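Q: next come a sequence and a model predicted from it.
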Amino acid sequence: MKALKSAAFYLLVAFIVFIAVFPFYYAIITSFKTGTALFQIDYWPTTFSLDNYRDVFNQGGFFRNILNSVLIASVTVCLSLLLAVTASYALARVRFRGRGLLLMTILAVSMFPQIAVLSGLFEMVRFIGIYNTPWALILSYTIFTLPFTVWVLTTFMRDLPIEIEEAAIIDGATPWQIITKVFMPLMWPALVTTGLLAFIGAWNEFLFALTFTSSTETRTVPVAIGMLSGASQYETPWGIIMAASVLVTVPIVILVLVFQRKIVAGLTAGGVKG
Amino acid sequence: MKKSVKKAGLNKAVLLGAVMSALLASSAYAAEINFVSGAVGKDIEIFKELVKPWEKDTGNTVKIVPMPSSTTDQFAQYRLWLSAGNTDVDVYQTDVIWAPQLADQFLDLTEAAKDVVKDHFPSIIESQTADGKLVALPLFTDAPALYYRKDLLEKYGASVPKTWEELTATAKKIQEAERAAGSKDLWGFVFQGNAYEGLTCDALEWVKSFGGGQIVEADGTISVNNPKAVAALDLAKSWVGGISPAGVLSYGEEESRGIWQTGNAVFMRNWPYAYALGNGDDSKVKDKFDVTTLPSGGDNGKSAATLGGWNVAVSKYSKNPDVAISLAKFLTSKETQKQRALKGSQLPTIVSLYDDADIKAQQPIIPRWKDVFMQAVPRPSAPTKVKYNEVSSKFWSAVHSTLSGKGTAAENLEVLEADLTEMKGKGW
Amino acid sequence: MQQAELQAQRIRAAMWFLLPMIAALAFVAAYPLLRSIYFSFTDTTLTSLYTGQWVGFDNYLNWRTLPSGRTIYRGTLVDPAWWNAVWNTVRFAFVSVSIEAILGLMVALVLNANFHGRGLVRAAILIPWAIPTIVSAKMWAWMLNDQFGIVNDMLFNIGLISEKIAWTANVDTAMWAVLMVDIWKTTPFMALLCLAGLQMIPRDVYEASKIDGVHPIKVFFKITLPLVKPALMVAIIFRMLDALRIFDLVYVLTPNSAATKTMSVISRENLIEFDKFAYGSAQSTLLFLMIALFVTLYIWLGKVDLSGDKQ
């Protein structure tokens, strides 16, 4: 009975993994194909050619684009988390009037379609003089990362037991010490999760990245993928696009593998009584 | 003797002066021109090579701003940049349908190009002229053709179709016979049936080749609701699910090429790019196909091919408009177009280049498109100006509805006419 | 007395903590947002961005009387294309977010269990969310192609379908295709947030119920769900925001099909493609109002404790 149960469980895991990974697997197979073979259906790799990967790097600057993306997404996430951790402490643990309204206002920033704020942001970026620099993207990405991080961290912070904070207050801890010494260690699962999700959001953003940069050296990965092209306007270079997608997904997978331990950590390690 | 020495001295002084002023001039006017263009294939490399003589002659430099190959993304960016008065870009490479929509923000090139205009295909110049203002100069062009399988036509003793009706009959015959023989995935005809700009191109060809006009005529009259246009769309409707897969309603260029290149279609309507790819080593249709002009319809007897291609326009926000215009003229000149044809096999817009000996020798396929261009028809982007995208969207929606069986051709075109009339208002 | 002073000190600290975040958001977002709303009351076009005239609510609703005495109405609020988009969007958001919430929670429960290779599985689950949307949408378009798409081939081989389906072309299946891809893509987001919520539940709560011999299903509904609810709720809110604004997926998969055209798609069309910038701004503003309405409703009906005053 128990063996059957665990077999069923592993079957479920296998099924979930299959659904999640199959399109990616298909992308990998496709990335090894060229020419007419792209239009044929194969379940297993039939040809193995690294031409597409070579082409990705030959189109110029792809490595640079990956670096740009890493830099921009990292800075965006760090800035957002920094601003959000302190803000969410205030929103979650301190009683003051208008908290609900403030939270809604923060959320409202994310309620406009991106395309509608695009031209206003463009004017602003040019006005500040950061057009075609990483700062243009870091700044504009806070529009969607900041409300998200603030909301998620506020929710999680609110659920932390009141007793630990009271204990800290009695010990004479300042609010800043409460955040960094008491709450942060307990918040790892939430911090890592929001950071990861915000990172991927910034990593994948296309529209702002296209609008606020104008040279190959400053562009990010999604735009670089959009720039991959076949020999003519009408041809879509599937093999190369798939190779590029595989290349940009791998760093994310590694990132998750590195940080996923932190997701498991958290309260279980702290042994806090609820 | 003395006099001549003096004269020589004078000459020297003049020469020195000339050199000085030339140096001064070049240092004062050495400008960096930003040229923005979709980065397709080897375009950027070829461009860098093509533009070298101009850079050398004028002392100016050109910086390329590459854009994604998606034309809708490009258009959106250019519109945004121009609306914000972006001075960072001087010269834009524009799709044939864009310049009239952006006419207010581009410089009038009529004066600058008055000597060379007559060398280009008239239909292309027509497509770039809005309100008598020449907004862009033609860089290279593009027009579709009918691809057909030589081997299959031969096998069934069929001739290359001259009319759409013939094409329908031949496709049906071959499709049925081949399917009976076991090729169950074979289709008679594939085209671009998704609801997008490509369908406007395809349907314009059907309507025009039936003698049903070009949606909105050059003088702005809305002509789309007429019996010939209805007949054209009715015939096209009969293809879907018959000689064409039902999925053709979601196909763009690449999907049709996929079916064609895996050997699963008898006929295909597509742009010249599919020719070289179809003759690639791994292609299932290598050496088995040929191209011809698109069929005509009804008793009209004249075929039509929608004009594609690219042009260059100069931003009115450019800080160096004269230098930018000089670059635009250079890029569209006969010599540059010839080099572009030889190096990038892109089709010239200058008629005489189709008889050029070098091009004939090195790019034998190019002269064969001359006939196609003689029958090229521009989309109504010039008369409808800023409204073109909306007009085109209404048109392809009406056609797409007809093809998918939501309303008859007659009903949909009547509604379309009413919509367009309201959109036009007092004038485009 | 001391208590009050402490409270005042905490509020002062809170203000300083909030200030940088509010300043950053106001700096980035205020101008573009207000500008968009302003444009919706003018006749601005993209060709003349700075010379638009104030026209009041004309972009939303206006009417004039024809010579024949008949009155005709124009504007977004009487535009059937807009209401079609509203209906498409709301339906899409409702279905996708509900399914994603359920699947996400299920996946999170699975991932929360202790088993071999858990780290790898977690990384694998996140892959759909990690692939850039512009790529995954194109990838799915390719896989859903009727003739050489692998989805049809699989279903055909299993025997679920007898003839190839044109998923994205067919009016009846287009919305399902978009839904399927969206669910595939964003369930990981939901799952990861739920997982973080699950991880923060103190373990001894479970252990206590285990000793008491409570049935696992009862444990789920009585203990797990209430504890994970805050995380789930906030995940749903953000998914709802994104689902109501859905753009890129539709734009790549079925860009011009009336069956899937959403509010964002239609407002982009008017803003950029067509020469109706102000009209598009009005639609964006309406979309903004609608999202605000839905979120408020959701928070109210879901009894989300926004201010935290109930603690």
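A: Now that the structure is in, tell me what you want to look at.

Q: what about the strands in the stretch 51-200 of chain C?
A: Ranges of strands in the stretch 51-200 of chain C, per DSSP state E, counting those that start in this stretch, are C:62-65, C:71-74.

Q: same check on the stretch 1-150 of chain A?
A: With strands called from DSSP E, counting those that start in this stretch, the stretch 1-150 of chain A shows none.

Q: pLDDT at residue 214, what is it?
A: Using chain A. On pLDDT, residue A:214 comes in at 81.

Q: that's the wrong chain, I wanted chain C
A: Value for residue C:214, per-residue pLDDT: 78.

Q: now swap in the one 10 residues further on and tell me
A: Model confidence at residue C:224, expressed as pLDDT, equals 84.

Q: on that earlier part again, out of the strands of the stretch 51-200 of chain C, which comes closest to residue A:58?
A: Nearest to residue A:58 among the strands of the stretch 51-200 of chain C is strand C:71-74 (53.0 Å), distances taken as C-beta to C-beta. Any C-beta I mention is one placed from the backbone N, CA and C, and that applies to glycine too.

Q: number of residues surrounding whatever residue of chain C ends up closest to chain A?
A: Residue of chain C nearest chain A, by C-beta to the nearest C-beta: residue C:32 (3.0 Å). By the criterion of other C-beta atoms under 10 Å in any protein chain shown, residue C:32 has 21 neighbours.

Q: if we can go back for a sec, between the strands of the stretch 51-200 of chain C, which one is nearest to residue B:130?
A: Short answer: strand C:71-74, nearest of those by C-beta to C-beta, at 26.6 Å.

Q: partners of that closest one, with directions?
A: Using DSSP bridges, strand C:71-74 pairs in its sheet with strand C:62-65 (antiparallel).

Q: now the partner strand: how far from the chain's centre is it?
A: On the basis of C-alpha atoms, centre = their mean, to the nearest Å, strand C:62-65 sits 36 Å off its chain's mean C-alpha point.

Q: do stretch B:418-428 as well
A: Centroid displacement of stretch B:418-428 relative to its chain, using C-alpha atoms, centre = their mean, is 26 Å.

Q: pull that stretch out as CSV, backbone CA atoms only.
A: Taking only C-alpha atoms (Å, rounded to 0.1, in the frame of the first residue of the first chain), the coordinates of stretch B:418-428 have been written out as CSV:
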residue,chain,number,x,y,z
ALA,B,418,-19.8,51.4,-44.9
ASP,B,419,-17.0,51.3,-42.3
LEU,B,420,-14.5,52.8,-44.6
THR,B,421,-16.8,55.5,-45.7
GLU,B,422,-17.3,56.5,-42.1
MET,B,423,-13.6,56.4,-41.4
LYS,B,424,-12.9,58.5,-44.4
GLY,B,425,-15.3,61.2,-43.3
LYS,B,426,-14.7,64.4,-45.3
GLY,B,427,-11.5,63.1,-46.7
TRP,B,428,-8.6,60.7,-45.8
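
Q: list the contacts of whichever strand or helix holds residue B:257.
A: Using DSSP states H and E, residue B:257 sits in helix B:253-261. Residues outside helix B:253-261 that contact it (C-beta atoms under 8 Å, 6 or more residues apart in numbering or on different chains): A:36, A:38-39, A:234-236, B:147, B:187, B:190-192, B:194, B:198, B:245, B:247-248, B:265, B:268-271, B:273-274, B:277-278, B:283-285, C:145, C:147-148.

Q: how about low-confidence regions in the stretch 101-250 of chain C?
A: Along the stretch 101-250 of chain C, the model assigns pLDDT under 70 to residues C:203.

Q: show me what from it comes close to chain B.
A: C:145, C:146, C:147, C:148, C:164, C:166, C:167, C:168, C:169, C:170, C:171 (C-beta under 8 Å from any C-beta of the partner chain).

Q: mind listing what the second one touches?
A: Residues in contact with residue C:146, defined by C-beta under 8 Å, 6+ apart, are B:245, B:246, B:247, B:250, C:152, C:164, C:165, C:166, C:167, C:169.

Q: count of residues packed around the residue lying closest to it once chain neighbours are set aside?
A: Spatial nearest neighbour of residue C:146, excluding adjacent residues (C-beta to C-beta, 6 or more residues apart in numbering or on different chains): residue B:247 at 3.1 Å. Residue crowding around residue B:247 was assessed by other C-beta under 10 Å; the count is 28.

Q: my guess is residue B:247 contacts residue C:169, does it?
A: Yes: contact criterion C-beta atoms under 8 Å: residue B:247 and residue C:169 qualify, at 5.3 Å.
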